[in-house]
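> 3D model of this:
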Amino acid sequence: MKQKRRFSASLGCLTLIAVFFLAVSAFGLAYQAKPAYKIEVGSRLDEPYVLGFEAKEPAEAQRGKEWDGFDYRWARSESKIDLPGLGSQPLTVTLRVSPGLAPKPYLKILVNEKHQVPDSYLVMVTSEDLYELSFPVPADWFADGNLHLKLQSAVWVPAEVIPGNRDYRKLGILLDWFKVEPAQQTFFPLIRPPDDIFIPLVISSMLVLLIFLSIGLTPPYALLLSGGLLAGASYWLVFDRLNLTELISRDFVRSIFFMWVAVFLVAEFGSKVYKVLGLKVTRREMGWLAAIFLFQFVMLWGFMQHPMFTSSDLGLNIHRLQDVMRGNLLFPQELPNGQLAPYPPAYYLLLLPFTNLVPTDDVGIGVLIKVASSLLQASEVFFIFYLSGLFRHPPNRVKVAALPLEREWEEGSNWAGLLAAAFYTVCKYPYYIFSQGNHTNLFGVFALLLFICVTTGTLSYLSRMEGVKIWRALLVKPLAQPESPSSVSKSTKTYSSAPLATTPTEVAEFEESPIGPSLAQRYFSRLVERWRRQVWPLLAITLRYLLPLALLVLVFTAHYGLFLFANGFMLAYVAILGLWGGRAGRRDALYLLACYVSALLMAFLLYYRLVLNLMSSPGNKAQFKLTLALVGDIILWLWRNMVYEFGLIVVLAALTGAILWLIRPGWRQLGRGITPLGGALLALTLTVITFALLSYLIGLESRFQLYLLPLVALAAGAFFGRLWRSGWAGVLLVSAIFLFQFLEVLSFWLSRMTYYF
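Numbering: from 1, shown residues only. Modelled structure (predicted):
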């Protein structure tokens, strides 16, 4: 075993060295390419490269159907253009400019704050027409490989020049676009990559290899995947160097390092956490789950970290978190669309301790919100896997012996849970919400899923498995008293096996040694025994029953839309368990009803005195008559929404998986009624349908698609899991479907990432 571990460690080190040399060679060769770059100033993609300019013109709201495509920005008296990571090489820079109505126009350009472009290249004429200015930039003017241009121009005020104009801005030149072209297309002289871009790229490649090794891939496969990523990054360097280097400059290495640490911890210790929760999970399954978790986090966080990412509601969340930092916990203001939204502060209160780790300006708080939301959304794959595990091991198959509870499990990987978690990451709707910046909606889904997992786990593994009998046995069963030395008969008395003393000192020590434990030792040993056998089991069970109550309060205060949804869900859940849960279900329903009433009262007293205004707002009132045609329209509308938001193949797989659930019932116990998990998912389904109808009929915005997504993923996973286990043909088919779904979501996410709200 030791020899095998040493061989694996040696192979891993050799793989790490190989990736290092591959990265140095690949990135060094990629930097020898000499592409040209043209940046359309005023477009959606110019944000990372211009600094100190006026806003885009025309404004985004003015770009209608008759817009001719001409966009621009006005410079100020001093503006900057930043082009990082180009690599030190001779360049030709071209600007398409206009001085506007400046009476004495001039333009002065400094390269990297040290070198001035000769005035002969920057001749300005008094004209409103656009014309091009080109000038050379030698390689030694930016030896570090990062090109920075400072534009200093004459300014003019439109209100002083144009009669009736009320624009008092001090405007410099108008900039339409700028272009950077290599002055030489030959391979020599070689381009030296910038150190602040090249070194982070190499270190990130090695960290990516460590991530692959941490999730359980063997060194050859890890090397193969790392080589593929190196090829992709090299391609990116050749054809879109500006975007990649702008992303790398944003503390990229530290982000990759923390990703590796997170994946390592999940892969190593996740199975132990699941074991405590009652599920047996192998190291290989945790490696897959860690990879799925990382996949979605990189998709979300990586794209939102992109310098061109914009969203509409991010600023709203930033300002409200800053309000919470100042002590304000009440937000009765209307949203920009005029809707009254009593935002509960639970999300911001949870983020409050982490605000000490980031700057308190808008940029720092925005980064914190993006990271937190990405982590929460990505971690939901663990909840999906847990719920699928409860389906795989229904409570009627679990044997209860004695404390501690011992369970027998089926062998083999839970492919249904893994595939459900994987397809959960490639549905469009969460990315649509992220592109808008509705982070409180996403936190609400996280809180609801956590509540469902904890509640179903509590009811399944305690109430359903004679937890009440265990509780009563612990309360009634007397403690076994430790036997005292005096109670032991002389016939059974054991004597010390200490060696015979040979010296007077040893004889004295032997005679003075105590025969039994002291009074204090007996007292503390009895105290420890009482805690271990009576107090701690009672405390653990009590805390587990109180945890759903605390999480339900969190659900009620996560988002005002979720508050309405959670009320319907809890009422449906209590009714289903009470009617179809059998004797144990009625007991569970009584417990859930007590939790619901207590949490509702607490949430109302804490915050929701304002929710009555929301429910009585004019926008939520409508008159309708339910007819057969209307039912058909609603079904067609729901079908179109599901196909667009989840994908046609996934929806069909989910419908097939739901049929499989009915054929092989993991959601109910034969002869004993519906299980807590089956009741929760059935209640969730009914509540989603109800709020979908309300959304269609009266325009109630509840984001019911977010709460439908776990159901779709679990049902689709049940079908894809069977398909996966059918053989190599099933594995290839499921992989192809996942790849298709991923590419569709990727294109959608790329388009939404640069969409301006």
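
> all strands for the stretch 151-300 of the chain, in order.
With DSSP state E, counting those that start in this stretch as the criterion, the stretch 151-300 of the chain has strands at 174-182.

> quick check: which ranges of it have low pLDDT?
250 (pLDDT under 70).

> which helix or strand lies directly C-terminal to the one helix or strand residue 540 maps to?
In this assignment (DSSP states H and E), residue 540 forms part of helix 536-556. Next in sequence after helix 536-556, counting helices and strands by DSSP H and E, comes helix 560-580.

> would you indicate which residues of that next one are buried?
In terms of neighbour count (16 or more other C-beta atoms under 10 Å), helix 560-580 has its buried residues at 560-574, 576-578. Bear in mind the C-beta positions are built from the backbone N, C-alpha and C, glycine included.

> what of stretch 50-58?
For stretch 50-58, burial by neighbour count (16+ other C-beta under 10 Å) applies to 50, 53, 54, 56.

> measure it end to end?
Stretch 50-58 has an end-to-end distance of 17 Å (C-alpha to C-alpha, to the nearest Å).

> centre of the chain versus it, how much separation?
Relative to its parent chain, stretch 50-58 has a centroid offset of 32 Å by C-alpha atoms, centre = their mean, to the nearest Å.

> equivalent analysis for stretch 114-123, please.
Put simply, stretch 114-123 sits 48 Å off its chain's centre (C-alpha atoms, centre = their mean).

> same deal with stretch 537-551?
The chain centre lies 28 Å from the centre of stretch 537-551; the measure is C-alpha atoms, centre = their mean.

> extract the C-alpha trace of it and format it as CSV.
Output in CSV follows, covering the C-alpha atoms of stretch 537-551 (Å, rounded to 0.1, in the frame of the first residue of the first chain):
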residue,chain,number,x,y,z
PRO,A,537,-28.8,11.9,22.2
LEU,A,538,-31.8,13.9,23.6
LEU,A,539,-30.1,17.2,22.7
ALA,A,540,-29.2,16.0,19.2
ILE,A,541,-32.7,14.9,18.4
THR,A,542,-34.2,18.1,19.9
LEU,A,543,-31.8,20.3,17.9
ARG,A,544,-32.6,18.4,14.7
TYR,A,545,-36.3,19.0,15.3
LEU,A,546,-35.8,22.7,16.0
LEU,A,547,-33.5,23.2,12.9
PRO,A,548,-36.4,23.1,10.4
LEU,A,549,-38.2,25.8,12.4
ALA,A,550,-35.2,28.1,12.2
LEU,A,551,-34.8,27.4,8.5
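
> start to end distance for stretch 142-160?
40 Å.

> may I see the buried residues of that stretch?
Result for stretch 142-160 [16+ other C-beta under 10 Å]: buried residues 142, 145-156, 158.

> could you list which of those belong to helices?
residue 158 (DSSP state H).

> break the protein into its domains for me.
1-31+193-306, 37-182, 312-407+416-480+637-757 (automatic domain parsing).

> which one of those domains lies closest to residue 588?
domain 312-407+416-480+637-757 (5.0 Å; C-beta to C-beta).

> what mean pLDDT does that closest one get?
Mean pLDDT, domain 312-407+416-480+637-757: 80.

> run the chain-centre distance for that domain.
In terms of C-alpha atoms, centre = their mean, the centre of domain 312-407+416-480+637-757 is found 12 Å from the chain centre.

> next: stretch 166-184.
The answer for stretch 166-184 is 38 Å, by C-alpha atoms, centre = their mean.

> how far does it stretch from start to finish?
48 Å.

> which of the residues in the helix or strand containing residue 641 are buried?
For residue 641, the host element (DSSP H and E) is helix 628-646. Neighbour-count burial for helix 628-646 flags 634, 638, 641, 642, 645, 646 (criterion: 16+ other C-beta under 10 Å).

> next: stretch 729-747.
730, 734, 737, 738, 741, 742, 745.

> quick one: the fourth one and residue 425 touch, right?
It stands for residue 738. No: contact between residue 738 and residue 425 fails when scored by C-beta atoms under 8 Å: they sit 9.5 Å apart.

> before we move on, back to that, now the buried residues of stretch 50-58 as CSV including secondary structure, pLDDT and distance to residue 380?
Shown next, in CSV, are the buried residues of stretch 50-58 (DSSP: H, G, I helix; E, B strand; the rest coil; pLDDT from 0 to 100; distance: C-beta to C-beta, whole Å):
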residue, secondary structure, pLDDT, distance to residue 380
50, strand, 92, 38
53, coil, 95, 40
54, coil, 93, 42
56, coil, 90, 36
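
> tell me the one of these nearest residue 693?
Distances from residue 693 to the buried residues of stretch 50-58, taken by C-beta to C-beta, are shortest for residue 56, at 41.5 Å.
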